[in-house]
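Asker: A structural model of the following input is requested.
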Amino acid sequence: MLVVDSKCHNEQSITINAPKEKVWQNVNSMKAFNTWNPWMKYDPNLVVKYKGTAGEVGDGYSWKGNDDVGEGEQEITAIVPNEKVATSMHFIKPMDDRATSDLLLATEGSGTKVTWTIDYEIETLFKPMKPMMTWQMNKSFSEGLGKLKELSEK
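Answerer: Next comes the predicted model:
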C-alpha cells in the first residue's frame, strides 16, 4: 500500500546574473511579484485588488478569476530586505485551502540564487494526485523564475 504524506513542499531555484539589490526590486512587493507570477496569464480578465503598503508586512492582494485561477488572497507576513519575503495564501475557490510561500535570495558568485518555496497540506481525497500536483507546481515555479530572471537581467 502506498502511503502519501498530506504535507507538501515544493521548491525551485534559479541563478540570476544580477546583484541581490536588483533582483530584490522584482520580489519585494506583491505588485512586483505579479509582474512575473506565472498564474497571472491564465485569465486575461483577472480582477486583482491590492492592499497595504507595498514592500511591507501586510502588503497583499486578492484575486478573482476564471476556473483556472479561482479566487484567493496572498499577503506578506515577513521581510528581511534583500534576503527573504514570506507570504501566506488563502485559496477561496475552487476550494478553501491555505499555504505559505517564501522567496529566498542568496549571493552566488556575482549573481543571485533565488529559491521559491511553498508549503501546504492536501486532504486525503487528493493524496493520489500529489505527484501530478508536485509536477505542475514545479513547472509553474520554473516558468515564473525564468520570467524573474529575464526581468532582473535587463
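
Asker: can you give me the strands in the chain?
Answerer: For the chain, the strands defined by DSSP state E occupy 7-16, 47-51, 60-64, 71-80, 84-93, 97-108, 111-121.

Asker: turn those strands into CSV, including distance to residue 149 and mean neighbour count.
Answerer: Where C-beta positions appear, they are placed from N, C-alpha and C, glycine not excepted. Converted to CSV, those look like this (distance: least, Cβ to Cβ, whole Å; neighbours: other Cβ atoms under 10 Å):
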stretch, distance to residue 149, mean neighbour count
strand 7-16, 5, 16
strand 47-51, 23, 12
strand 60-64, 23, 19
strand 71-80, 21, 17
strand 84-93, 17, 17
strand 97-108, 13, 16
strand 111-121, 8, 18
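
Asker: mean pLDDT and distance to residue 145 added to the ones you listed, as a markdown table?
Answerer: Formatted as a markdown table, the strands of the chain follow (pLDDT from 0 to 100; distance: least, Cβ to Cβ, whole Å):
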| stretch | mean pLDDT | distance to residue 145 |
| --- | --- | --- |
| strand 7-16 | 90 | 4 |
| strand 47-51 | 97 | 21 |
| strand 60-64 | 97 | 20 |
| strand 71-80 | 97 | 17 |
| strand 84-93 | 96 | 14 |
| strand 97-108 | 96 | 10 |
| strand 111-121 | 93 | 6 |
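
Asker: is it possible to get TSV of those that adds distance to residue 152?
Answerer: Compiled in TSV, those are given as follows (distance: least, Cβ to Cβ, whole Å):
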stretch	distance to residue 152
strand 7-16	5
strand 47-51	22
strand 60-64	21
strand 71-80	18
strand 84-93	14
strand 97-108	10
strand 111-121	8
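
Asker: could you report the neighbour count for the spatially closest residue to residue 121 that is not a sequence neighbour?
Answerer: Spatial nearest neighbour of residue 121, excluding adjacent residues (Cβ to Cβ, 6 or more residues apart in numbering): residue 6 at 4.9 Å. Number of residues near residue 6 (other Cβ atoms under 10 Å) recorded here: 12.

Asker: skipping adjacent residues, who's closest to the one residue sitting closest to the centre of the chain in space?
Answerer: For the chain, the residue nearest the mean C-alpha position is residue 101 (6.0 Å; Cα atoms, centre = their mean). In space, and not counting its chain neighbours, residue 101 is closest to residue 118: 4.5 Å by Cβ to Cβ, 6+ apart.

Asker: alright, calling it a day.
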